[in-house]
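*Asks:* This is the structure alone, sequence omitted:
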Ligand SMILES: *Cc1c(COP(=O)(O)O)cnc(C)c1O
């Protein structure tokens with residue numbers, strides 16, 4: 001059998017299920033081992049003094065290091081990282097990928113590489129807590145002004161935010177989180193990309209568009225295909241999928257990813273060999289886990305919607321026909337995912353009574369693992385969010401967020417059913 005290699009026109013014609021298993025690895029590279037080895041070495045030997053000079057010149061002076069450039073030192077690049085990046089790039093339909101120690105490491109390096117003091121930036125709302133903290137803390141401290149877009153589906157809303165931002169300085173970047181957590185709010189990536197093209201005529205450069213794709217992941221949404229320049233994913237969630245590692249990824253063109261990777265070398269926030277290898281292992285079952293968890297989530301969302309003790313369910317599969325969100329969802333997403341929110345009738349007391357009776361669901365933050373998780377948003381993930389903003393994003397004392405795993409759906413539904421009896 002011919003091995004699947006990067007030279008095969010970036011996986012052209014092969015399904016993600018196939019690419020996730022073998023893309024980019026040739027057993028002939030490692031004693032015929034069917035599975036890629038972990039290379040733990042922190043440093044790599046040069047064959048000669050002249051070769052050492054060439055390698056450094058290529059890395060630092062560019063243009064870009066060649067695909068088969070020799071390794072120098074593991075903070076710059078290492079074999080396990082390189083293979084993982086090849087596979088992540090093909091799954092996102094990207095030219096290039098850079099993997100990081102966490103999702104936040106990918107987000108912060110992206111912002112620092114593509115924004116300068118005196119610039120402004122736009123972002124959709126609500127934002128992941130860590131991203132919000134980064135923009136309104138350290139980045140604001142560096143003289144970068146973040147401006148929220150009230151409605152990511154409305155061109156007028158983006159225009160209004162841009163008008164405010166331009167008073168501070170040129171817009172260097174537009175950061176989109178879609179679907180948003182926990183509102184499941186949708187932003188129209190193609191509309192925002194077209195707006196950025198317009199903006200290029202009013203200021204000296206086109207803003208970079210980054211999309212945080214964590215909430216759905218690469219199997220259900222490919223932001224680069226809709227006009228985003230950069231796609232950021234916390235691999236801690238669906239791709240890792242077992243709640244036993246932290247990782248992040250950035251994909252896009254060589255031109256946009258390159259400067260961020262160079263900054264990663266300086267910050268030292270690359271992904272280590274063991275985690276890279278764990279992720280390669282996780283990716284093999286990613287499509288299988290995703291399919292099962294998504295099907296489970298659909299069944300659970302339907303069960304909760306019909307339950308007398310449940311007030312409402314915020315699940316992407318239930319978007320209203322004919323709404324603007326549904327139209328963009330149908331164009332942009334390939335599925336509803338397996339994380340959603342619902343409101344129980346009553347308040348904190350009823351929510352807590354139910355949570356404390358659950359036996360199969362684990363009470364914890366995070367999402368995308370094989371195990372089903374549940375948490376009370378107001379007192380955990382949104383603890384630091386002021387109550388008025390919490391209400392604005394739809395988080396009340398009765399809101400619960402669940403991440404559905406791959407257990408048997410009947411057991412999950414039975415567990416929720418018995419626990420709801422207590423509320
Ligand atoms: C978890 C998460 C992140 C941060 O990822 P880490 O791997 O925890 O650093 C960023 N964005 C979203 C939407 C997330 O859910």
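*Replies:* Perfect, I can see it now. In this text, all values refer to a predicted model and were calculated from it rather than measured experimentally.

*Asks:* if I look at residue 381, how far off is the ligand?
*Replies:* Distance of residue 381 to the ligand, computed by CB to the nearest ligand atom, to the nearest Å: 9 Å. In this view, the C-beta of every residue, glycine as well, is placed from N, C-alpha and C.

*Asks:* let me fix that: residue 423
*Replies:* From residue 423 across to the ligand, the span is 27 Å (CB to the nearest ligand atom).

*Asks:* Who are the contact partners of that residue?
*Replies:* 309, 344-346, 350-351, 353-354 (CB atoms under 8 Å, 6 or more residues apart in numbering).

*Asks:* Which of those sits closest to residue 106?
*Replies:* Relative to residue 106, the closest of the contacts of residue 423 is residue 351; by CB to CB it sits at 32.9 Å.

*Asks:* got the residues of the stretch 101-250 of the chain near the ligand?
*Replies:* 102-104, 128, 130, 177, 181, 212, 214-215, 234, 236-237, 246, 248 (CB under 6 Å from any ligand atom).

*Asks:* next structured bit after the lowest-mean-pLDDT helix or strand in the chain?
*Replies:* Lowest by mean pLDDT, DSSP states H and E among the helices and strands of the chain is helix 387-392, with a mean of 85. Downstream of helix 387-392, the next assigned helix or strand under DSSP states H and E is strand 399-403.

*Asks:* model confidence over that following strand, on average?
*Replies:* For strand 399-403, the mean per-residue pLDDT is 96.

*Asks:* Give me the residues contacting it.
*Replies:* 181-182, 300, 338-344, 351, 354-355, 361, 366-369, 372-378, 381.

*Asks:* Counting neighbours, what do you get for the closest residue to residue 101 other than its chain neighbours?
*Replies:* In space, residue 101 comes closest to residue 269 once its chain neighbours are excluded; the distance is 4.9 Å by CB to CB, 6 or more residues apart in numbering. The number of residues packed near residue 269 is 20, by other CB atoms under 10 Å.

*Asks:* Surely residue 269 and residue 109 touch.
*Replies:* Yes: Residue 269 lies in contact with residue 109 (CB atoms under 8 Å); the separation is 6.3 Å.

*Asks:* before we move on, back to that, and the residues of the stretch 101-250 of the chain next to the ligand, which is the shakiest by pLDDT?
*Replies:* residue 181 (84).

*Asks:* Give me the distance between it and residue 196.
*Replies:* Distance from residue 181 to residue 196, counting by CB to CB, to the nearest Å: 24 Å.

*Asks:* same question, residue 248
*Replies:* In terms of CB to CB, residue 248 sits 24 Å off from residue 196.

*Asks:* more crowded one of those two?
*Replies:* When residue 248 and residue 196 are compared for neighbours, residue 248 comes out ahead with 27 against 22, by other CB under 10 Å.

*Asks:* just so I have it, where are all the helices in the stretch 151-300 of the chain?
*Replies:* Using DSSP state H, counting those that start in this stretch, the helices of the stretch 151-300 of the chain run over 155-168, 189-202, 254-267, 273-305.
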